[in-house]
Structure formats: structure tokens, C-alpha cells
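Asks: Show me the folded form of this:
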Amino acid sequence: MQGDGQGRARTWPERAAAWPTAARWRRGLAHLWLTLASACKDAAGAEAAPGRLMPWLPVAFGLGIAIYFAAEREPSAIAAAALATMCATTAFLARRRPVAFPTAIVAAGVALGFATATLKAALIAHPVLDRPAYNVSIAGFVEGREERERSDRIVVRIDKIAGERLTVLPERVRLSVRRGIAPPIGTYVSLKARLNPPLSPLRPGGYDFARDLYFQRIGAVGFVTGAVKVEDPPRPPGLWLRAASAVDSIRDGIDRRIRAALARDAGAIASALITGKRDAISAPVNEAMYVSSLAHVLSISGYHMVLVAGVVFFAFRAGLALVPGVALRYPIKKWGALAALLAAAGYLVLSGAEVATRRAFVMTAIVLIAVMVDRAALTLRNLALAAFAVMVLAPEAVVHPSFQMSFAATLALVAAYERGPPWTFGSADTSFGARAALWGVRELAALVLASLVAGLATTPYAAYHFHRLAPYGVLANLLAMPIVSAWIMPAGLAALVAMPFGFDAPVWRLMGLGIDWMVAVALGVAGLPGAVGRIPAFGMGALLLATSGLIVLCLLRTRLRWAGAALIIAGAFVAARAAPPDVLIAAGGETVAVRTADGRLSVSGRGDRLVVRDWLSADGDARQPSDSSLKSGWTCEEAGCIARLRDGALIALARAPHAVAEDCGRADLVVTTREVAPGCATAIDRRTLRASGALALRRTGQGFAIDAARPPALDRPWARAGTEPRSTPAPPATRPATPRRDDIDEDD
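Replies: Residues are numbered from 1 along each chain as shown. So this is what the prediction gives:
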């Protein structure tokens, strides 16, 4: 006890203040919640200010397209159009309501995207082959030609077709032929071919080649089984086909000039950059370009289009600036933008006008038009307009990896550009030498930042679609891209200008020196330890989370944007926790993989190269289909094979009828290409495979959870219910013009 100075006793030492009561805790939490809610409301109000909603419209539009592709059955075009009209009307009526209008406009964007994709599918509706057909006679015009490493490929618009097993008559077919014999575009040909339905997904969640071909209006694929005969057409080809033939002949002429000046990979890469022909690049160089993250250089897309437009814009404007009377009186900047637009259009036509190139041209054209009408060029608004234009013209591009990676990288770069670089050139009184040094540092920092931003933005899509990362991508781009920008592409354009005058060969050789440097960088980086970062496949949910996070992080301006980082982290967490399948079964049932005690896949059956390679890639496994260790977990005899999973469950691959009966009584899972009688244990037989295509099974206790590449309820124009999915190329016949099995392209 101790006195308090007034004669009263008190406890010593003095007690600490009492803990807050439950009521005080509740009041504190309520105050915190109100503060956060008020801050979020203020931030949301700022984000919804005039001009801020425009970049979100293509996001909503793209979401509607994605919903269309997620449907199990084909939507009604009338219903989709009615829904879009209703939502658009609602948005118009709510235009003066501050809360209802943003919600209504987003809903209208989703509905319009859904309707656009539905109407596009209805407008291009065409027959798709439902089963293989042999010895089919075909006559028609060649509409497309593609030279590849092992074979050529042609697209034939059918004029006449006949075959014994043909129940569906496709309008266009894509055929593989022996390398070097593909006829030019515009030629009328007759031939014999084996046709197959477009390729089904090789595993659940895998890429759907049939969907891609449907939107290219191709109803069947296959290979030629005889000579390709050129005949006189029954009628003249159309104007479009004659124009395509003329462009193709120009591309062939340029390709020959390049190959005459440059040998091997240098010539092949130069031709790929100028004409879009990527057929002759050697396998080691091609793989090194992918591993080092330089493969984007080989595919003509946004980067190339910007370089061409930028070089022409700079050269044209700089040339006019040398004439004072013109520079002071006329808008030479706008003239330069027009010249760049024309050059970009010419490059689009010359390079073959592939889907990615058309998309890049649309984006570049919008930027150049913005310059011509005195608007800021690199803005999120212009990017939104470009995205709208691409999705309206080709809604199917939304589910394509090139669209996703291109717009992800561009969105991240524009967002970083709009927030301003963290450096300057120096003050006005800085010496010239110091300013030059600062300029060099700034450009180097800008290149590093651009490579880092674009690389991080595209990482989720590279991991989802290709199951690999490029750990040294920034290093490779830092070493190679300045040469591509300042040397290789300008030299290529100069060679094109010099070609009509016959002085192009020295310029092509100059371009080849830069390509040699790029190839050396690719091979060097690909040889570094850990250069290949393999990622096991994960589900769409993780990709959607990462995409949402990227959009929020780039489009929002207030502190709410950091919620995007949380979404990206959540997506990475979900991807890391993805459970790999324990059993994989190809659509034909002849190739089966099981996850054995060592945690890796072991493959039995015919071991189709394409299927096995896809499975190993999706598993993050570096082995090749020819690796002998792939069969280590199986015990085989003539009647079939058996293997055990990690938990000891017995998997049987039965070929003979008596093996099916025996395995039904002892195996936990029976896989067979025959039909299994009722009462058998868990079995995957011919009927199941015909209905579902490729399967992935995961062990759950004493049973299996089964995922199908094509669920039984699925009925889309490119995957009709009741048709037999095809998983692999059929073996070709042995006739003069028939490619070898290795020549059959992956997506035939």
C-alpha cells in the first residue's frame, strides 16, 4: 500500500488501464469499417468519373465472348440479339443515374459481346466432317498455301467432292502434301485425299484445334494420297482469289531473293520477318528462340508492325523537315503518319495477313489515325478502341493465346507509360555530354522496364497455354531487341526499297549480320542453367484471376488498383495447387498414361508422338516421347498391359477379349477399345471414348473423378454431339505425294 499524498491509500504499482470491453471493440470495428467503406466509395466514385469507363467496355465485351465459348450448347442467335438489345436500351434509359448507368453499361457490353460471337458463328455456319473418310476425290481452288519444315499445307475451297463414307460435305479442307509440291494460290486442282474431322483437344482443358478451324471456315483436315493435278478451272477465280494469287507470287519472289543472299537460318529468319514464311528455320534455333523468349520476333505481330510504321514515320518526317518551306507551312507530322499507315497496310498484305498481323495492323492504324486527328496516340482509350475493333471483326480471337498475350503486354506497357517514367533527360543547363549519357541510361532503363513489364504481363498466358516460362527473357530481349529495332528491321525495309533497282543483295547481307547476333543471343541464353522453366498445367480459374488482377492493376487509378495485385497472387496460389491427373487416356483409347510411384507419367499403348508430347508438356516434364523411361511403369504382353498408381491401384489396358473379362475382376480401372459388358468394374471402353474424347482421371478414395475433353452434353458447331472425336493424325498411305508420318502437321 502507498499513500496518494492526500492521506488515502492506493494499490502500488498502479494498475494498467482496463482492457476494452466487447462493446468498445464493436464500436472500433464499426468505425474502421465505416472509414474503409467511405474510402472505397470515394475511390469508386473517382474511378467512375467521366472518361474512366471507356477502357472497361472492351473488358465487358470480351467477357461476353468468353461466356459464349464456355456454353455447352450453341446459343440462339435471336435470343442473344434480343438480350443485347434489351441491355443496351436499359443502359440508355439509365444514362442519368450515377450508380445504375455504370452497371447497366457493363451488362450491355457483356451482352453485346455474347451476341457478337453468337452471330459470327451463325453467319459462317458450315458443315464439319463427323468421321474419317478414305479415298475422297476433291476438286477446287487453292485458297491458301503454307510451307512448313517437313511438309506443305494447302487450303482447298471445294468445287467437287465424292467419297463412299462421306455423310457431310465440307466447303473447305486443309491438306498436307509433300514439301515442295504445293501449288500456288488460285490454282484449280484435283486430287485424292484422306479426310478426318478437325483435331479434338488432346486432353481435358487442352487447346481446341477444331474450334480454331471452324472459325477459319475449314470443315475437314487430312493429307493427299496421290498426285496433285493442276487443271483448267471450270470458271475464272474470283477477284479476291486473283489478288491473293498476285500477293503470293510477290512473296515467293521476295523469299527467293532473300534465300539467294542469305543461307540457312539467317535467310529463313529474314524471310519470316518480311514475308511471314517460317518454314526453313532449323529445329535447334527455333527451340532456342522459344526458350529465350525471342520467339515473338519470328511471328509478325504488333512489334513488327510498330517498327515498320515507326521507321517510315521517322524517315518520312525527317526528310520533309530538311525542306524548311515544307516543314514550316504544312503538317508534316500528319503526312508522316499517313505514310506510316500506308506502309503498315503494305506490310500487312506482304506478310500474308495472318490473324495476329491483322490485329496488329488495327492497333497500329488507330494510333496513327489519332496522330492525324491531333489526339494522344498511346492511351488506354485507343487501346480500348483497338480491342473493340479486333473483337467485333474476329470474336474468336479472345480465346487465342496470341490475342491474350498481345493485349496483356500492350495494356501493361500503356498503363506504365501513362503513369510516367521515373527519369528525365536532365535540366536545361546540363552539358551536352551529360545529356547524351543520361539519354543512353534512360533508353537502357526504358528497354529493361518494357521487357520486364511485358514479360510479367504475359507470364500467366505463357504458363497456361505453353506450360513454360522464360527466366532469362529480360536478358535475351535486352541483348537482342535493340539490334532488331535499330538494325535488322530497318535493313529489311531498305532492302525492299532497293529490290526493284537490283541493289538489294548487300542490304540483305547487312540484315543477316544482325540476325546472326540475335541467333547467337538466343542460343547462348537457351544454354544457361535453368533456362527452361516448365509449369504443370492448371485450370481456367487461375488464369481468370490473374487476368482480372492485371486489368484492375492497369485500369484503375486510385488505391483500389492494388486489389489487382491480390488477385494475381490468388491466381498464382490457385495455379500452384492444381492437382495433376493420375490417368490420361487419348480419344482413341490406344494411348494411356498413368502416374506411377515416382510421381511421373508412364505411357503405354502406341505412344502417339503428338499426344505424348502434349501430355508431357502439360505435366511440366522435360522428357521426349522417344524417352525409354516413359514405359518403365508398365508390364505388357500381347493381350494387354497393367500398371499401378502411386497408391497401388491397378490400371489395365486390355486389348484381347479374354483380357477384358479377366481385368474386370481384378483391376481398379480397365481401359479398352472394345465394348465392356455391364457389371464390369470402373471401365473406359469404346462407347465412353466416342462420347467424351480424351479423358483425365484423378484418384478419389476408392474411385476416380473423370474429366472429359468433350463432355456428353457438349454440342457446338465444331463439336457436334454424337460425333466421334479424333485425337491423332491417322497414318498416311504410301503413295508418291503422301508425306511421311512425321510430316503430318500437329493440328491436322
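
Asks: Please make it C-alpha for all contacts and neighbour counts, starting now.
Replies: Will do.

Asks: Now do the host helix or strand of Phe388, average pLDDT.
Replies: For Phe388, the enclosing helix or strand under DSSP states H and E is helix 380-393. For helix 380-393, the mean pLDDT works out to 86.

Asks: Contacts for that helix next, please.
Replies: 54-58, 61-62, 116, 359, 362-363, 366-367, 397-398, 407, 410-411, 414-415, 555 (Cα atoms under 8 Å, 6 or more residues apart in numbering).

Asks: Determine how far it lies from the middle of the whole chain.
Replies: Using Cα atoms, centre = their mean, to the nearest Å, the distance from the centre of helix 380-393 to the centre of the chain it belongs to is 18 Å.

Asks: So which residues of the stretch 151-300 of the chain form strands?
Replies: 151-162, 172-178, 188-196, 220-224, 229-231 (DSSP state E, counting those that start in this stretch).

Asks: Is it possible to get TSV of those strands that adds distance to Ser249, mean pLDDT and mean neighbour count?
Replies: As requested, these are exported to TSV (distance: least, Cα to Cα, whole Å; pLDDT from 0 to 100; neighbours: other Cα atoms under 10 Å):
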stretch	distance to Ser249	mean pLDDT	mean neighbour count
strand 151-162	15	91	20
strand 172-178	19	93	25
strand 188-196	16	93	23
strand 220-224	23	93	28
strand 229-231	17	92	14
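
Asks: For Trp335, which of these is the nearest?
Replies: strand 151-162 (39.5 Å; Cα to Cα).

Asks: how far off strand 220-224 does the closest one point, in degrees?
Replies: 110 degrees (axes from the mean of the first three to the mean of the last three Cα atoms, to 10 degrees).

Asks: Let me know the pLDDT of Arg613.
Replies: 91.

Asks: burial count for it?
Replies: 18 (other Cα atoms under 10 Å).

Asks: Tell me the spacing between it and Ala597.
Replies: 21 Å (Cα to Cα, to the nearest Å).

Asks: hang on, the earlier thing: next, the buried residues of the helix holding Phe388.
Replies: Across helix 380-393, burial judged by 16 or more other Cα atoms under 10 Å covers 380-392.

Asks: Ok, stretch 677-686 next?
Replies: Cys680, Ala681, Ala683, Ile684, Asp685, Arg686.

Asks: ditto for stretch 539-559
Replies: In stretch 539-559, counting by 16+ other Cα under 10 Å, buried: 542-543, 545-557.

Asks: Now the buried members of the contacts of helix 380-393.
Replies: 55-58, 61-62, 116, 359, 362-363, 366-367, 397-398, 407, 410-411, 414-415, 555.

Asks: Of those residues, which belong to helices?
Replies: Using DSSP state H, the subset of the buried ones among the contacts of helix 380-393 located in helices is 56-58, 61-62, 116, 359, 362-363, 366-367, 407, 410-411, 414-415, 555.

Asks: gap between Ala220 and Val173?
Replies: 5 Å.

Asks: can you check Ile551 too?
Replies: 39 Å.

Asks: Could the C-alpha coordinates of the helix holding Phe388 be exported in PDB?
Replies: Output of helix 380-393 as PDB, limited to C-alpha atoms (Å, rounded to 0.1, in the frame of the first residue of the first chain):
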ATOM      1  CA  LEU A 380      -5.900   3.300 -72.800                       C
ATOM      2  CA  ARG A 381      -8.800   4.800 -74.800                       C
ATOM      3  CA  ASN A 382      -7.000   4.000 -78.100                       C
ATOM      4  CA  LEU A 383      -6.200   0.500 -76.800                       C
ATOM      5  CA  ALA A 384      -9.800   0.000 -76.000                       C
ATOM      6  CA  LEU A 385     -10.800   1.100 -79.500                       C
ATOM      7  CA  ALA A 386      -8.300  -1.300 -81.000                       C
ATOM      8  CA  ALA A 387      -9.600  -4.200 -78.800                       C
ATOM      9  CA  PHE A 388     -13.200  -3.400 -79.800                       C
ATOM     10  CA  ALA A 389     -12.300  -3.400 -83.500                       C
ATOM     11  CA  VAL A 390     -10.500  -6.700 -83.300                       C
ATOM     12  CA  MET A 391     -13.200  -8.400 -81.200                       C
ATOM     13  CA  VAL A 392     -16.000  -7.200 -83.500                       C
ATOM     14  CA  LEU A 393     -14.300  -8.500 -86.600                       C
END
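
Asks: What strand or helix carries Tyr134?
Replies: strand 133-147.

Asks: Show me the helices in the stretch 351-500 of the chain, by range?
Replies: Counting by DSSP state H, counting those that start in this stretch, one finds helices in the stretch 351-500 of the chain at the ranges 355-372, 380-393, 401-418, 432-466, 473-483, 489-498.

Asks: And the third one, what's buried?
Replies: Going back to what we said before, that points to helix 401-418. Those would be 401-415, for helix 401-418 by 16+ other Cα under 10 Å.

Asks: ok, so of those residues, who is nearest Ile154?
Replies: Ser402 (22.6 Å).

Asks: Could you pull up the residues touching the closest residue to that closest one other than its chain neighbours?
Replies: Counting by Cα to Cα, 6 or more residues apart in numbering, Ala356 is the residue found nearest to Ser402 once chain neighbours are left out, at 6.7 Å. Ala356 sits next to Ile300, Ser301, Gly302, Ser402, Phe403 when contact means Cα under 8 Å, 6+ apart.
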